[in-house]
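Trainee: fold the following, please.
(4 chains)
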Number of protein chains: 2
Amino acid sequence: MKITTELLKGVLEGIVLQRISAGETYGYEITQYLNEHGFEDVVEGTVYTILMRLEKQQLVAIEKKKSDRGPARKFYQLNAAGEERLAQFWQQWAYVSTQLTQLKENPA
Amino acid sequence: MKITTELLKGVLEGIVLQRISAGETYGYEITQYLNEHGFEDVVEGTVYTILMRLEKQQLVAIEKKKSDRGPARKFYQLNAAGEERLAQFWQQWAYVSTQLTQLKENPA
DNA sequence: TCTCACTACTATGTATTACTATATAGCAGT
DNA sequence: ACTGCTATATAGTAATACATAGTAGTGAGA
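Mentor: Numbering: from 1, shown residues only, chains lettered A, B, ... in the order given. Below is the predicted model of the structure:
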């Protein structure tokens, strides 16, 4: 399904955080995961910008590891601040989601 | 609850469409409704930009009516294209919402 | 009459963010 | 050498929520 760009804003960062939280991973893998799990149109460039942003905000720890195929991978792990950000994201998502459901079902 | 700006992108337009769909209304009223229903921090300027955008994209019909208190109000109504856009929004929202829930509960 | 509060819309500028497009680089197979 | 797959990086663009300020009309109270 084609999703409006604007609906993804904020959401994508949350998804990336969640993926990293689920286990050490890197940009290319995250992109593939997204493409296979309902977000077909998300491209590599988008994921890398998000990762760079997380790094800049010091929410992740980074480790470079050699790959058997292609250039070295940058593995990401959430630090304490990253976990907190992720928790915040889910809270906010739940809140917005609840409000929207109410709005739709009870327009009064 | 304080919601990250980015999480609101795309969502706010959907909410405004839904409000108009629920019955002829105008900018000031929509703003107040939002402020009283979980989106305290949304300001008038934001709502009016959305309304102008909807008008530009020809998703709404407009009628000016005198008010008993203050200047004339611009009442908005959805036309066919607007109703379709609203339906699309809910579809996309449901989709993203489903994917996110799966992602959270089943990280595999 | 003047001021204030409330209502209502308009306009400008800014920050954030997803996307496009492109570049770089390593390795395998032909 | 060439192609294809893996993997990261980055400059540029468009969309959008927000902050802020301005304009205006109405009615109430001093």
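Trainee: now A:I20: which helix or strand?
Mentor: In the assignment (DSSP states H and E), A:I20 maps to helix A:11-21.
Trainee: and for A:A61?
Mentor: According to DSSP H and E, A:A61 maps onto strand A:60-65.
Trainee: tell me what that strand is packed against?
Mentor: helix A:44-56, strand A:73-78 (3 or more C-beta pairs under 8 Å, 6 or more residues apart in numbering or on different chains; DSSP states H and E). C-beta coordinates here come from the backbone N, C-alpha and C atoms, glycine included.
Trainee: and those: which comes nearest A:K66?
Mentor: Of all the helices and strands packed on strand A:60-65, strand A:73-78 sits nearest to A:K66, with 7.9 Å by C-beta to C-beta.
Trainee: what element comes up after that closest one heading to the C-terminus?
Mentor: Beyond strand A:73-78 toward the C-terminal end (DSSP H and E), the next one is helix A:80-105.
Trainee: tell me how far the residue in chain A positioned nearest to DNA strand C lies from A:N79.
Mentor: Nearest residue of chain A to DNA strand C (C-beta to the nearest atom of the strand) works out as A:G45 at 2.8 Å. Using C-beta to C-beta, to the nearest Å, we find A:G45 at a distance of 25 Å from A:N79.
Trainee: same check, this time on A:L51
Mentor: In terms of C-beta to C-beta, A:L51 sits 14 Å off from A:N79.
Trainee: among those two, which residue is more densely surrounded?
Mentor: A:L51 (20 against 12; other C-beta atoms under 10 Å in any protein chain shown).
Trainee: which one is the more buried one nearest to, not counting chain neighbours?
Mentor: Nearest non-adjacent residue to A:L51, counting by C-beta to C-beta, 6 or more residues apart in numbering or on different chains: A:G27, 5.4 Å away.
Trainee: so what touches the strand holding A:A61?
Mentor: A:20, A:24, A:51, A:54-55, A:72-79, A:82 (C-beta atoms under 8 Å, 6 or more residues apart in numbering or on different chains).
Trainee: filter those to the buried ones?
Mentor: Among those, the ones that count as buried by 16 or more other C-beta atoms under 10 Å in any protein chain shown are A:I20, A:L51, A:L54, A:R73, A:K74, A:F75, A:Y76, A:L78, A:G82.
Trainee: quick check, pLDDT for the fifth one.
Mentor: It refers to A:K74. As predicted, A:K74 sits at a pLDDT of 94.
Trainee: pull the contacting residues for the residue nearest the centre of chain A.
Mentor: Computing the C-alpha centroid of chain A and ranking residues by C-alpha atoms, centre = their mean puts A:V16 first, at 1.8 Å. By C-beta under 8 Å, 6+ apart, the residues touching A:V16 are A:I30, A:V47, A:I50, A:L51, A:L54.
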